[in-house]
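Visitor: Sequence plus the predicted model coming up.
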Amino acid sequence: MKVLVALLLLVPLLRCKAVPLAPFHPLDPRVINCDDPESEEAAAIALNYINAHHPHGYKYALNSIEKIKVLPRRPAGEIFELELDLLETVCHIVNPLPAENCTIRPPTDHVVEGNCDVKLLKLEGNFSVLSIKCYSTPDSAEDITQICPDCPVLALLNDTQVINAVDLALTEYNRGQDSAYVKLLEIGRAQIQHFPDIVSVEFAVVVMNCSAKDAQDHVDDCQLLPKDLAQFGFCNAAVLTKNNITVSCTIYEHQPGVTHHHLIHNHLGRQLVQGFKHHDLRDLHVSVHDTSDSSSAEASVSPPLAIPVVKRAAGAVLDPTIPPLPIGPGPRHPLCPGRIRHFQV
């Protein structure tokens, strides 16, 4: 009886015809070289975004494009994934000069190198930033001493000597001014040269609404200028002793729409507490949600199939019934990393 029931259940299954599945055709990544014009354009868009949104320190310049991958995106467009190598310039973020016009620090000035993983969307010929993740590190002290034994390395931004040097330099600058009083925004860099001890500092300042002369007696009455008149500046100073100070500051013209809100509201008039020698690009972390209709911003990507290689013994005869393997150049790979624009750190 059980055998009969099993046969009755099996008959309908045997009558069913299998429906073949449609072949899956994965979308392959588009091959592009690190120094292609399209790669350069994507890197420039990313770098402009980094320099416009980095809340501290200095602007960066592109040194090389290390990697690039272009992935198809459903329902439209492409995703560009880049790995960028950057170098710190001498322009602080309050400096209105475009980063491409800023000077790269020489290797003897204890350079800072930045590394960024960037994801961009290219849609209808236009790039937009999806995500940026960066970090930066100073060159090793050992490398500096090898090329320049007498060159000072970066000092801690909150070192007592550094803070004292900035205070003395600001006081010296404001004392000799007939114009507006300036106040410290941020210490950018510091180096201490020993024997004799010379403290070299760089720092950003903001212009207040009182004169330097009035501030001598009524500094607490000095306030920030209105946002539509905000002005910033940058200073370089070298302090040997309390009475041996060299300081120069450049005050920039008002830049419409530029307020450096983060620096003013989080650092103006506050003591540095971090024990760092530079302003790390880790402070910049951007992640923008892709609002495409697709369930995934990136299409499923499979690596290209490798062409199989058939080995045969010497003297063996090929079977004429087996079709020959296709002969061709095989899958292309991008030429990366790209050229180094300045120098290798």
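Guide: Yep, it's here. Numbers count the residues shown, from 1 in each chain.

Visitor: Pro334 and Pro29 touch, don't they?
Guide: No: between Pro334 and Pro29 there is no contact under Cβ atoms under 8 Å: 9.3 Å. Where you see a C-beta, it was placed from the backbone N, CA and C, and this is true even at glycine.

Visitor: list the residues that contact both of those two?
Guide: When contacts are counted by Cβ atoms under 8 Å, 6 or more residues apart in numbering, Pro334 and Pro29 have Lys69 as shared neighbours.

Visitor: hey, what's the nearest residue in space to Gly114 that is not next to it in sequence bridged with?
Guide: Leaving aside its sequence neighbours, Gly114 sits nearest to Leu86 (Cβ to Cβ, 6 or more residues apart in numbering; 3.5 Å). As for beta bridges, Leu86 partners with Leu62, Gly114 under DSSP bridges.

Visitor: Leu86 contacts Asp117, correct?
Guide: No: applying Cβ under 8 Å, one finds Leu86 not in contact with Asp117, separated by 11.9 Å.

Visitor: So between these two, which is more surrounded?
Guide: Taking neighbours as other Cβ atoms under 10 Å, Leu86 and Asp117 compare with Leu86 leading, 25 against 16.

Visitor: Pull the contacting residues for the more buried one.
Guide: Leu47, Ile50, Tyr60, Ala61, Leu62, Asn63, Glu113, Gly114, Asn115, Cys116, Ser136, Leu281.

Visitor: So Val94: helix, strand or coil?
Guide: coil (DSSP: H, G, I helix; E, B strand; the rest coil).

Visitor: Just read off the phi/psi values of it.
Guide: phi -80, psi -10 (degrees, to the nearest 10).

Visitor: Who are the contact partners of it?
Guide: Taking Cβ under 8 Å, 6+ apart as the test, what Val94 contacts is Leu185, Ala204, Phe232, Gly233, Phe234, Tyr252, His260, Leu263.

Visitor: For it, give its distance to Leu263.
Guide: Shown here: Val94 relative to Leu263, a distance of 8 Å by Cβ to Cβ, to the nearest Å.

Visitor: Kindly report the same for His53.
Guide: For His53, the distance to Leu263 - Cβ to Cβ - is 13 Å.

Visitor: So these two - more neighbours on which side?
Guide: When neighbours are counted by other Cβ under 10 Å, Leu263 comes out ahead of the other of His53 and Leu263, with 18 against 15.

Visitor: shared neighbours, Val94 and Leu263?
Guide: Taking Cβ under 8 Å, 6+ apart as the contact rule, Val94 and Leu263 both touch Leu185, Ala204.

Visitor: my read is Ala76 is in a helix, agree?
Guide: No: according to three-state DSSP, Ala76 belongs to no helix; its state is coil.

Visitor: you'd agree it is up against Gly125?
Guide: No: using Cβ under 8 Å, Ala76 is not in contact with Gly125, being 11.7 Å away.

Visitor: more neighbours, those two?
Guide: Higher neighbour count among Ala76 and Gly125: Ala76, with 12 against 6, using other Cβ under 10 Å.

Visitor: For the more buried one, give me the pLDDT.
Guide: Listed pLDDT for Ala76 reads 92.

Visitor: residues contacting the nearest residue to Ala46 once chain neighbours are set aside?
Guide: Closest residue to Ala46 apart from its sequence neighbours, by Cβ to Cβ, 6+ apart: Val118 at 4.3 Å. With contact set as Cβ under 8 Å, 6+ apart, Val118 has these partners: Ala42, Ala43, Ala46, Phe80, Glu81, Leu82, Glu83, Leu84, Val129, Ser131, Ile132.

Visitor: Restricted to helices, list those.
Guide: Ala42, Ala43, Ala46 (DSSP state H).

Visitor: tally of neighbours for the nearest residue to Glu41 once chain neighbours are set aside?
Guide: Leaving aside its chain neighbours, Glu41 sits nearest to Phe127 (7.0 Å; criterion: Cβ to Cβ, 6+ apart). Using other Cβ under 10 Å, the number of residues around Phe127 comes to 18.
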